[in-house]
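> Provided below for reference: sequence and predicted model.
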Amino acid sequence: MNLSIPEWEYLVIIGAGVTLWLLGRLRPQSVAPFGDLIARIMHHRNTRLAVIIVWWWLGWHFFTT
């Protein structure tokens, strides 16, 4: 398998995400489950606004032609 460096980086990030997700499911006392993390983040108005702005920025720069 001959992958370039960015492809390996993406695979490592995906692997880390899956690992954290599994740890959150199997050991919720040590790693917060993803749903709890999102609920905590979205609790405040300012962070909700920041998430909307970040999604808008990503959409504007990566998904428009």
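Arrived safely. Residues are numbered from 1 along each chain as shown.

> What is the subsequent helix or strand relative to the lengthiest helix in the chain?
In the chain, taking DSSP state H as the definition, the longest helix is helix 5-26. Downstream of helix 5-26, the first helix or strand assigned by DSSP states H and E is helix 34-41.

> what about this protein, any weak spots by pLDDT?
For the chain, residues meeting the criterion pLDDT under 70 lie at 1, 65.

> Asp36 versus the residue most central in space within it, what's the distance?
Central residue of the chain (CA atoms, centre = their mean): Gly17, 7.4 Å from the mean position. Computed as CB to CB, to the nearest Å, the Gly17 to Asp36 distance reads 16 Å. Every C-beta, even on glycine, is put in place using the N, C-alpha and C of the backbone.

> do the same with Gly59
Distance of Gly59 to Asp36, computed by CB to CB: 27 Å.

> got it, and Trp56?
On the measure of CB to CB, Trp56 and Asp36 end up 25 Å apart.

> next one: Val18
18 Å.

> How is this structure partitioned into domains?
Structural domains assigned to the chain are 1-31, 33-65, following automatic domain parsing.

> Would you check that Trp21 makes contact with Phe34?
Yes. Judged on CB atoms under 8 Å, Trp21 makes contact with Phe34 at a distance of 6.0 Å.

> Now do the shared contacts for those two.
Common contact partners of Trp21 and Phe34 (CB atoms under 8 Å, 6 or more residues apart in numbering): none.
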